[in-house]
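Peer 1: This is a predicted model, with the sequence first.
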Amino acid sequence: MPIRCAIYARYSSDQQRPESIADQIRHCRQEAARHPDWVVLDDEVYADEAISGTSVEGRHGLQRLVQAALRKPRPFDLILVDDTSRLSRDVVDTVQQFRELRFHGVDLFFVNQGLHSGRENAEFLLAIYGAMDSEYIRELGRKTHRGLEGQALHGFSAGGIAFGYRREPLYDGAAADRDGQRRRLGVRWVIEPAEAEIIREIYRLFASSHGLAAIALALNARKVPCPRQAKGHRLRHDGVGLGWDASSVRVVLMNELYRGQAIWNRSRWVWVPGTRRRRRVPRPESEWIVLDRPDLRIIDDALWHEVQERRARVRTRYDATRTFGKSRTEYGKYLLSGLLTCAACGGSMTIRSTSGSTQKYGCTRRWRRGPSVCPNSILVRRDVAEAQIAGLLRDKLYSPSAIDRLVAKVNVRLRIHAPAATGERQRLLEEIRRADQQLERLRRFIMGGDTSPKVRTWLAEAEQAEASLRQELARAEAEVQRRPLQVHPGRVKQYLEDLRTTLEKGGLRARQLLQSDIERINVHPVLDAAKPFARAEVISTGKGLLDRVAIVVAGAGFEPATFGL
């Protein structure tokens, strides 16, 4: 019988050759050709390109492979991988994937090591190879860090590029590499005049009592490229988008390189276990490498110290709890916290204005970066927005048609589960009948004079098993009695009444309930009306708490709500 084979391949980064995938697949096919009963399925070839092996997170090819392996009927019997390091460079992930696939009857074969998961000591060998792959990554990191340290000590770039500078390669005019080309010594930073002038302007504005947000607004109004734009960096993961904001201005004011002092090795990046995310961890000051670089000076010492003194005064004044109120742990206390999104720019909407006791939501991106980034100037009253959304949910949940749909859905679930409970009861009754027959035979042995310790032990075990079965039967019968065959609409109305009370009271429970059913609320500004207003588009999660109890309006969606200002 032929063994159906799938193939998995991976290469690590965009700096490696994409052809590596084809090489690995070809190697696996060559191995399969050596086995007459191995057949590679062309539709079952999976790959991850430019993905690190330090974690299984984000590796969509591997995830699709595992999902396919768990299908019934199983589409393949064996997975070919060129090397253990291609599956993962983390020993825990490697063994976990190995065990999961083996549990579902799928074997692995690693071509370079000749390791088949069906071998008796396969898991032990895989753990050894996985540990070697993990150590390779750590050793590679140590060597890379050592090389970067040497570059930094020689005044060359050791990674990254700061706003205000550009890279220039530096060559050795007297030596050549093995290809006869000029040997590159490294990459140095030089001042970029246009960006340097923006930096000087930021320092002068801040020293003359302009705030961070005001400086950002002025730069955005003139369409000055922010550091991410200027250096071609990818967008931030938080969806805030491009443009200057208070934090980017603050980073410029903190960078000591602008005063001619280069500091390297301030921090290191560590992987968060089980993820593809990294976290910056500061290093002790004793490990820093500090170099004087007058050739990179953009700001003179007098302006630098003036700016740092004002930053210290600002921190002293505005970091106090009495100024900002409660700490960050208290954020997100409102019913719609984290749900409102500006439809004009995609940014979040948070409390931006408070007049008296009235709080209003506004676009955070416009507030931080100005009208040149987002034109949405609408401020939505919090009490109005909460009332509109709660009213929208009530209208959807309390209508007679919604209640009828809920009753029908719950009754379907009851009919599905009831036979299962009844079948469990019948199974237990049959097992109890067999246990009673076994007890009767043992009692006859004893009554016939066989009172050996072994027979008495069997009798005690059988009696214990019979008692355990009767306890399970009692629970199963109670479950059958507890499940009504039909649910009355009155019970649904009572549940909805409790839900309405929860929403009206607000608080953490109401917010959790609402956020489990609503993914986001897109706020569309209508600015060309006589009195500007906003319309809300409610996007359901489709899997929230209400859905889990069958309160679902299938395919109906939500009607738009209109926010008064």
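Peer 2: Good, I have the coordinates.

Peer 1: alpha carbons only for contacts and neighbour counts from here, please
Peer 2: Noted.

Peer 1: Show me what whichever strand or helix holds residue 471 is packed against.
Peer 2: Using DSSP states H and E, residue 471 sits in helix 453-482. The contact analysis (3 or more C-alpha pairs under 8 Å, 6 or more residues apart in numbering; DSSP states H and E) places helix 453-482 against helix 400-447.

Peer 1: In the stretch 101-250 of the chain, where is pLDDT below threshold?
Peer 2: Within the stretch 101-250 of the chain, the stretches with pLDDT under 70 are 173, 175, 177-178, 180, 233-241.

Peer 1: Recalculate using a threshold of 50.
Peer 2: Across the stretch 101-250 of the chain, the ranges flagged by pLDDT under 50 are 239.

Peer 1: Kindly report the same for the stretch 401-550 of the chain.
Peer 2: Counting by pLDDT under 50, the stretch 401-550 of the chain shows low-confidence ranges at 543-550.

Peer 1: ok, back up a step: what distance separates the helix holding residue 471 from the middle of the whole chain?
Peer 2: For helix 453-482, the separation from the chain centroid amounts to 47 Å (computed by C-alpha atoms, centre = their mean, to the nearest Å).

Peer 1: cool, stretch 339-354 as well?
Peer 2: Computed by C-alpha atoms, centre = their mean, the chain-centroid distance of stretch 339-354 equals 22 Å.

Peer 1: likewise stretch 70-85?
Peer 2: Using C-alpha atoms, centre = their mean, the offset of stretch 70-85 from its chain centre is 26 Å.

Peer 1: Of all the residues in that stretch, which ones are buried?
Peer 2: Buried residues in stretch 70-85, counted by 16 or more other C-alpha atoms under 10 Å: 70, 75-85.

Peer 1: Which pair of those spans the longest distance?
Peer 2: Pairwise distances across the buried residues of stretch 70-85 peak at 24.6 Å for 75 and 85 (criterion: C-alpha to C-alpha).

Peer 1: What number of residues are in the vicinity of residue 181?
Peer 2: Number of residues near residue 181 (other C-alpha atoms under 10 Å) recorded here: 10.

Peer 1: ok, it to residue 167 distance?
Peer 2: 20 Å (C-alpha to C-alpha, to the nearest Å).

Peer 1: just residue 307 next, same as before
Peer 2: Residue 307 sits at a distance of 27 Å from residue 167 (criterion: C-alpha to C-alpha).

Peer 1: Show me where the stretch 251-400 of the chain has its helices.
Peer 2: Applying DSSP state H, counting those that start in this stretch to the stretch 251-400 of the chain gives helices spanning 301-318, 321-324, 364-369, 382-398, 400-447.

Peer 1: List phi and psi for the nearest residue to residue 193 once chain neighbours are set aside.
Peer 2: Nearest non-adjacent residue to residue 193, counting by C-alpha to C-alpha, 6 or more residues apart in numbering: residue 164, 7.3 Å away. Taking degrees, to the nearest 10, you get phi 110, psi 0 for the backbone angles of residue 164.

Peer 1: List the contacts of residue 295.
Peer 2: Residue 295 is in contact with 190, 260, counting by C-alpha atoms under 8 Å, 6 or more residues apart in numbering.

Peer 1: how near is it to residue 257?
Peer 2: Distance from residue 295 to residue 257, by C-alpha to C-alpha: 10 Å.

Peer 1: Where do the domain boundaries of the chain fall?
Peer 2: Using automatic domain parsing, the domains assigned to the chain come out as 3-139, 191-321, 414-486.

Peer 1: Turn these into JSON lines, columns for distance to residue 337.
Peer 2: Shown next, in JSON lines, are the domains of the chain (distance: least, C-alpha to C-alpha, whole Å):
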{"stretch": "domain 3-139", "distance to residue 337": "28"}
{"stretch": "domain 191-321", "distance to residue 337": "16"}
{"stretch": "domain 414-486", "distance to residue 337": "36"}
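
Peer 1: Now, the buried residues of stretch 70-85 that are in helices?
Peer 2: 84-85 (DSSP state H).

Peer 1: For residue 408, state which of the buried residues of stretch 70-85 is nearest.
Peer 2: Nearest member of the buried residues of stretch 70-85 to residue 408, counting by C-alpha to C-alpha, is residue 70, at 33.1 Å.

Peer 1: Quick check: the gap between that closest one and residue 213.
Peer 2: In this view, residue 70 and residue 213 are 53 Å apart by C-alpha to C-alpha.
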